[in-house]
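> what's the 3D shape of this:
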Amino acid sequence: MSKKMLGVLFGSRSCEHEVSIISAVQLMRSVNRDKYDVTPIYITQTGEWYTGDKLMDLSVYNHFDPYQPGLKRVSLDLTAGSGALLHYSRGKGLFKGLTEEVAARIDCFVPVFHGMHGEDGSVQGLLELANVPYTSTGIVGSAVGMDKITMKRFFRGMGYPILQDTACLRSAWQKDREQVMDAVEKALPYPVFVKPASLGSSIGVSRADDRGQLSEALELAFQYDRRVLVEKGLDHPLEINCSVLGFDGETETSALEMPLSAGEVLDFAAKYLGGASSSKGMASMGRVLNPDIGEDLSARIRALSQDIFTALDCKGVVRIDYMIDRGTDDFYITEINTIPGSLAFYLWDKAGVSYAELIDRMVACAEKAQREKDENNFAFHSDILKSVSLGGTKGKLKMG
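Numbers count the residues shown, from 1 in each chain. Now for the predicted structure:
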């Protein structure tokens, strides 16, 4: 049986660029090479696409040199169903033009982005145009999941449990800071958490217990986004995460995890730099797997996670994060990560699914989604063009 070619997409113009690299290299090292060949597709922080086997080595990214031997700059052929990565080289001689070659032909794309320009539906839209299978959630679910303000409005509309919140604009902050803080204080009691709307890995997130801290938190968050979410805080909550795998109503949940943090905010350092090696990504973070929160609460979190997955028409692997109020046992959705750090493989490993098998299932979901899409009728024929003409010098539309 011939192997399938997996194209692993990662990097891109995002504050979480380096985290994406770690997650992607982890995945590429875990692929079953008896079933798949792997083509790394690295998008730089300035947006160029490169491929080459050297991209599977983390050391390449310490001082990335796009001109080193073995790397090719490529672009995706958007011809429907092509799946080709195209490389252009200039021929030799005075009158030689560009020569096009197919650097690789991909059977299934595996997006391993975190943050904007990859996890937010932008690359998913590109892959939809190219009409190729890909393993992540689609355009709508990715876009909603990336934007915390839109995401919370969606959850509120679905009747899901969420904490009170309000939103702020950078333009309003620049115009009148006191008025923005007055509005936040009118809407929410302290403590609050301030978060850039479209960013992950806890970058730019702060807790504020008073007006002075609120000012600092908003100033920081607006450095990363023009829209900021301010959310009611809980004192000493328990954080619980659950991963979901599947597509089209067929879902299963992973082990649950309770991340451990020495501070009030599970920040970037705690998530990615707290373990023995930062090369392990989210897998290096301290956590309790399958924490003892009671069978009933565990079951409710799992059931809601599957419901959220289906409501957003997710695909592949996602992770949904919750906060539990220790005093009441009420729980609230914090966010959904449509491409979670390290693809949440460590949660599935605890559930008896190896990383290699997890990749197999993600690919199967991608291929099923593509088959479903290919069943759609994209051609509707009518005689409308026969009855339309553009007459006159200004091209006025005439019917009949």
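
> C-alpha only now, for contacts and for neighbours.
Noted.

> pLDDT weak spots in this structure?
Along the chain, segments meeting pLDDT under 70 span 1, 91-96, 200-201, 261-285, 391-400.

> rerun at 50
Applying pLDDT under 50 to the chain flags residues 262-263, 266, 268-278.

> Residue ranges of each domain in it, please.
Taking automatic domain parsing as the criterion, the chain consists of the domains 4-134, 145-149+153-159+236-371, 164-232.

> How far off centre is the longest helix belonging to the chain?
If you go by DSSP state H, the chain has its longest helix at helix 355-374. Centre-to-centre, helix 355-374 and its host chain are 17 Å apart (CA atoms, centre = their mean, to the nearest Å).

> Tell me which stretches of the stretch 251-400 of the chain form helices.
268-272, 295-311, 345-350, 355-374 (DSSP state H, counting those that start in this stretch).

> Using neighbour counts, pick out the buried residues of the longest one.
By that I understand helix 355-374. Of the residues in helix 355-374, 355-367, 369-370 count as buried by neighbour count, 16 or more other CA atoms under 10 Å.

> From start to finish, how long is stretch 192-202 in a straight line?
End-to-end span of stretch 192-202 (CA to CA, to the nearest Å): 15 Å.

> quick one: contacts for the spatially most central residue of the chain?
Central residue of the chain (CA atoms, centre = their mean): Glu119, 2.9 Å from the mean position. The contact partners of Glu119, by CA atoms under 8 Å, 6 or more residues apart in numbering, come to 111-113, 142-143, 146, 338-339.

> give me the beta-bridge partners of the closest residue to Ile301 other than its chain neighbours?
Once flanking residues are discounted, Ile301 sits nearest to Cys242: 7.7 Å by CA to CA, 6 or more residues apart in numbering. When assigned by DSSP bridges, Cys242 has beta-bridge partners Leu256, Ile320.

> Can you give me the distance of Cys242 to Gly341?
Cys242 is 13 Å from Gly341, by CA to CA.

> The stretch 101-250 of the chain: helices as residue ranges?
122-130, 139-146, 148-158, 170-175, 177-187, 211-221.

> Throw those into TSV and include distance to Met28, thanks.
Formatted as TSV, the helices of the stretch 101-250 of the chain follow (distance: least, CA to CA, whole Å):
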stretch	distance to Met28
helix 122-130	19
helix 139-146	22
helix 148-158	29
helix 170-175	39
helix 177-187	45
helix 211-221	33
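
> Columns distance to Asp325 and mean neighbour count on top of those, output as a markdown table?
Formatted as a markdown table, the helices of the stretch 101-250 of the chain follow (distance: least, CA to CA, whole Å; neighbours: other CA atoms under 10 Å):
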| stretch | distance to Asp325 | mean neighbour count |
| --- | --- | --- |
| helix 122-130 | 35 | 18 |
| helix 139-146 | 23 | 23 |
| helix 148-158 | 18 | 17 |
| helix 170-175 | 31 | 14 |
| helix 177-187 | 20 | 15 |
| helix 211-221 | 22 | 18 |
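
> out of the ones you listed, nearest to Arg326?
helix 148-158 (22.1 Å; CA to CA).

> With only the CA atoms kept, save the closest one in CSV.
What follows is helix 148-158, C-alpha atoms only, in CSV (Å, rounded to 0.1, in the frame of the first residue of the first chain):
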residue,chain,number,x,y,z
LYS,A,148,-12.8,35.4,22.5
ILE,A,149,-15.4,38.1,22.2
THR,A,150,-17.4,36.5,19.4
MET,A,151,-16.8,33.1,21.0
LYS,A,152,-18.4,34.2,24.3
ARG,A,153,-21.4,35.7,22.4
PHE,A,154,-21.9,32.4,20.7
PHE,A,155,-21.7,30.5,24.0
ARG,A,156,-24.1,32.9,25.6
GLY,A,157,-26.5,32.4,22.7
MET,A,158,-26.3,28.7,23.1
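
> which residues touch the closest residue to Phe154 other than its chain neighbours?
Distances taken as CA to CA, 6+ apart place Val144 nearest to Phe154, at 7.9 Å, with adjacent residues excluded. By CA under 8 Å, 6+ apart, the residues touching Val144 are 120, 150-151, 154.

> now Val144: how far from Lys152?
Distance from Val144 to Lys152, by CA to CA: 9 Å.

> before we move on, what about Arg90?
For Arg90, the distance to Lys152 - CA to CA - is 50 Å.

> and if you look at Val180?
With CA to CA as the criterion, Val180 and Lys152 are 20 Å apart.

> can you check Gly159 too?
10 Å.

> can you check Gly352 too?
32 Å.

> Wait, Arg326 touches His236, no?
Yes - contact criterion CA atoms under 8 Å: Arg326 and His236 qualify, at 7.4 Å.

> before we move on, the earlier item: okay, the helices of the stretch 251-400 of the chain in TSV with distance to Glu48 next?
TSV is the format used below for the helices of the stretch 251-400 of the chain (distance: least, CA to CA, whole Å):
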stretch	distance to Glu48
helix 268-272	26
helix 295-311	32
helix 345-350	28
helix 355-374	25
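
> Which among those helices is found nearest to Ser2?
Closest approach to Ser2 among those (CA to CA): helix 355-374, 15.2 Å.

> relative to helix 122-130, how tilted is the closest one?
50 degrees (axes from the mean of the first three to the mean of the last three CA atoms, to 10 degrees).

> List the contacts of the longest helix of the chain.
Counting by CA under 8 Å, 6+ apart, 27, 30-32, 108, 131-136, 245-247, 315-317, 345-346, 348-349 sit against helix 355-374.

> Repeat the analysis, applying 6 Å as the threshold.
30-32, 133-135, 247, 316, 345 (CA atoms under 6 Å, 6 or more residues apart in numbering).
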